[in-house]
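>>> could you look at this predicted model? Sequence included:
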Amino acid sequence: MEQYGVYVPRLAPTKEYFAPGHRACIGCGEVLALRLVCKALGRDVIIANATGCMEIVSSPIPNTSWRVPWIHTLFENTSAVASGIESALKILRRKEKISGKKITVVAMGGDGATSDIGLQALSGALERGHDFLYVCFDNEAYMNTGIQRSSSTPYGAMTTTAPPGKESIGQKTWKKNMPEIAVAHNIPYVATANPSYPIDLMNKVKKAKNIEGPKYLHIFSVCPTGWRAPADLSIRLGRLVVETGIAPLYEVENGKYRLNLDLPKLRPVNDYLKIQGRFRHLTDDLREEIQEHVKQDYARLKKKTKLR
């Protein structure tokens, strides 16, 4: 079955590899994304997880929500650890110490551990061609340590380290485009996803799992706590960010772009901005500036895709 050009299976996986009972905030979009990723990955996986929200909420001693092999790593070395795991598995197979099904190696981190602190290790792992999947859960700030800005924080957003005031609009730089940085490494597969579109997300994880070489998946993850938004609007916010063109759903397979959801007309960005406290200080001029920036970015993306 096709939905917006995306294959939709009749039945989604029912087995849960990320258990309930974790300590995530009410309405957390990131933990929903993580649950969907784990469902799509299945059992034969080893996960290296950077310090951050998902590590903290899932592993308070002596408990854990992980039902698969899982390693907690530092912010900066998640991709290096995954590279080591992948290399070790190759050696063990070559020496006939292990056999059987392929074991998928996965590295996970938030936007801070991906676009900031861990970028060097990630870039090195992609450049070396390690066969692993990197998943970035992007909630657009360092939420676990107090809502500090990251290079993934959107222009104009309020954070504790980029507060608005008489001489400040909040975050003064535009969001770093991590998917395009990954594409620049000429790897086999790069995609964006969003738990508000769960089937699309799981399809991309399954596709990445079956591709040889490095893969990068950037998942937009709503954070009601850090964004000052109602907890019951997480799914709606995830839909709006796609419908406005701020975070479109697309994939790049062997350098070829495909827009997974190309709406006939984008919604105004203010439909998304106005229901978040982190943008409440923005003037009409700044909102219009953001609208124009999104319009230009979306037009550039569409030029790269087959869909017009």
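Great, that's in hand.

>>> run a quick neighbour tally on residue 81.
Counted with other Cβ atoms under 10 Å, the neighbours of residue 81 add up to 21. For the C-beta atoms, the positions are set from N, CA and C on the backbone; glycine is no exception.

>>> confirm that it sits in a strand.
No. Applying DSSP: H, G, I helix; E, B strand; the rest coil, one finds residue 81 to be helix, outside a strand.

>>> where's it relative to residue 46, distance?
Going from residue 81 to residue 46 by Cβ to Cβ, to the nearest Å gives 10 Å.

>>> please apply the same query to residue 285.
Between residue 285 and residue 46 the distance is 49 Å, computed by Cβ to Cβ.

>>> which one of these two is surrounded by more residues?
Comparing residue 285 with residue 46 by neighbour count (other Cβ under 10 Å), the higher total belongs to residue 46, at 20 against 8.

>>> who does the more buried one form a beta bridge with?
residue 105 (DSSP bridges).

>>> how close does it sit to residue 240?
For residue 46, the distance to residue 240 - Cβ to Cβ - is 35 Å.

>>> going along the chain, name the helices of the stretch 1-150 of the chain.
For the stretch 1-150 of the chain, applying DSSP state H, counting those that start in this stretch gives helices covering 29-41, 53-58, 78-94, 111, 119-128.

>>> of those, which is nearest residue 295?
helix 111 (23.5 Å; Cβ to Cβ).

>>> check which helix or strand the residue nearest in space to the middle of the chain maps to.
In the chain, the centroid-proximal residue (Cα atoms, centre = their mean) is residue 219; its distance is 2.3 Å. If you go by DSSP states H and E, residue 219 is part of strand 215-220.

>>> what lines up beside that strand in the sheet?
Assessed with DSSP bridges, strand 215-220 is paired to strand 133-138 (parallel), strand 189-193 (parallel).

>>> restricting to C-alpha, output stretch 16-31 in CSV.
What follows is stretch 16-31, C-alpha atoms only, in CSV (Å, rounded to 0.1, in the frame of the first residue of the first chain):
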residue,chain,number,x,y,z
GLU,A,16,8.8,-4.1,22.0
TYR,A,17,12.5,-3.9,22.6
PHE,A,18,12.4,-0.7,24.6
ALA,A,19,10.3,-1.5,27.7
PRO,A,20,7.8,0.8,29.4
GLY,A,21,8.4,2.1,32.8
HIS,A,22,11.1,4.6,31.8
ARG,A,23,11.4,8.1,33.3
ALA,A,24,10.7,10.2,30.2
CYS,A,25,8.7,13.4,30.5
ILE,A,26,5.0,13.3,29.7
GLY,A,27,4.5,13.9,26.0
CYS,A,28,8.1,13.2,25.1
GLY,A,29,8.4,12.8,21.3
GLU,A,30,11.9,11.5,21.6
VAL,A,31,11.1,8.4,23.6
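
>>> need the residues that contact it.
Contacts to stretch 16-31, defined as Cβ atoms under 8 Å, 6 or more residues apart in numbering, come from residues 34-35, 38-39, 41-43, 45, 53-54, 56-58, 60, 63-68, 110, 137, 139, 195-196, 220-225, 230-235, 237-238.

>>> what comes up buried for it?
By 16 or more other Cβ atoms under 10 Å, the buried positions in stretch 16-31 come out as 17, 18, 22, 24, 25, 27, 28, 29, 30, 31.

>>> and stretch 161-171, how far from the chain's centre?
Remark: stretch 161-171 is offset 26 Å from the chain centroid, using Cα atoms, centre = their mean, to the nearest Å.

>>> got the buried residues for stretch 271-283?
Quick answer for stretch 271-283 (16+ other Cβ under 10 Å): 272, 273, 275, 276, 278, 279, 281, 282.

>>> these two touch, right, the fifth one and residue 224?
No. Distance between residue 278 and residue 224: 10.7 Å, which falls outside the contact criterion (Cβ atoms under 8 Å).

>>> report the contact partners of the residue nearest to residue 136 when sequence neighbours are not counted.
With Cβ to Cβ, 6 or more residues apart in numbering as the criterion, residue 136 has its nearest non-adjacent residue at 4.2 Å, and that residue is residue 114. For residue 114, the contact set (Cβ under 8 Å, 6+ apart) comprises 50, 122, 134, 136, 138, 152, 178.

>>> for the chain, which helix is longest?
Counting residues, the longest helix found in the chain (DSSP state H) is helix 284-304.
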